[in-house]
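> Coordinates for the following, if possible.
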Amino acid sequence: MDIKDFRGVMGNFIAGVTVVTLPGDPPHGITVNSFTSVSLEPILISICLDHNSEAYKRLKEGMNDTFCINILAADQKWIGEYFANMGEVEENPFEESITKVLPTGSLYFENSIAYIDCSLYDDVEEGDHTVYMGKVKDAKLLQPEAEVLTYFRGKWGSV
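As a prediction, the model looks like this:
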């Protein structure tokens, strides 16, 4: 199967946009749309990270054992762009005084739809990505009425 064709097919699946943050000095973030719930007993989620990403390296090398999923609101597109390294946004969201620190040390963006704070539970390496499962330690809905940021057919949108 041709990779370009496969990406074209997958681009037709609308995805919510999250930024996964990892604590540290400096903290790190990465835009992720490969995110889903896995289990309710125990409460688990999963994210998929490219092996070339800094987030993958931090989790693989044991630099982090916690991470936080931020479900972005439509007006947080600039945060999604920044952490997707799209090159159009210069303001570092970590320097904009819009983050809060959780008891685990994880960071969340205060105007996100919600955050899900996790400890690393398991990982499965497959191909050029690793599926990381997180055990949910805390989750909070921050903006239940806000529109959610989406990505569909190569474009940002909202619902």
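
> drop to CA atoms for contacts and neighbour counts, all remaining ones
Will do.

> Quickly note the distance from the spatially closest residue to Val148 that is not a sequence neighbour to Phe109.
Using CA to CA, 6 or more residues apart in numbering and skipping the chain neighbours, the partner closest in space to Val148 is Ala73 (4.5 Å). From Ala73 over to Phe109 the distance is 10 Å, taken as CA to CA, to the nearest Å.

> Would you confirm that Asp122 contacts Thr66?
No: in this structure Asp122 lies outside contact range of Thr66 using CA atoms under 8 Å: 11.8 Å.

> Tell me which of those two has more neighbours.
Here Asp122 and Thr66 are compared on neighbour count by other CA atoms under 10 Å; more neighbours surround Thr66, at 22 against 12.

> in what helix or strand does the nearest residue to that one once chain neighbours are set aside lie?
With sequence-adjacent residues excluded and distances taken as CA to CA, 6+ apart, Thr66 is closest to Ser119, at 4.3 Å. Following DSSP states H and E, one finds Ser119 within strand 114-126.

> Give me the contact list for that strand.
With contact meaning CA atoms under 8 Å, 6 or more residues apart in numbering, strand 114-126 is reached by 65-72, 106, 108-109, 130-143.

> Low-confidence bits of this protein, can you list those?
86-89 (pLDDT under 70).

> Repeat the analysis, applying 80 as the threshold.
In the predicted model, the chain carries pLDDT under 80 at residues 86-90, 96-97.

> can you pull the contacts of the closest residue to Ile69 other than its chain neighbours?
Closest residue to Ile69 apart from its sequence neighbours, by CA to CA, 6+ apart: Val20 at 4.5 Å. Contacts for Val20 (CA under 8 Å, 6+ apart) come out as Gly29, Ile30, Thr31, Val32, Phe67, Cys68, Ile69, Asn70.
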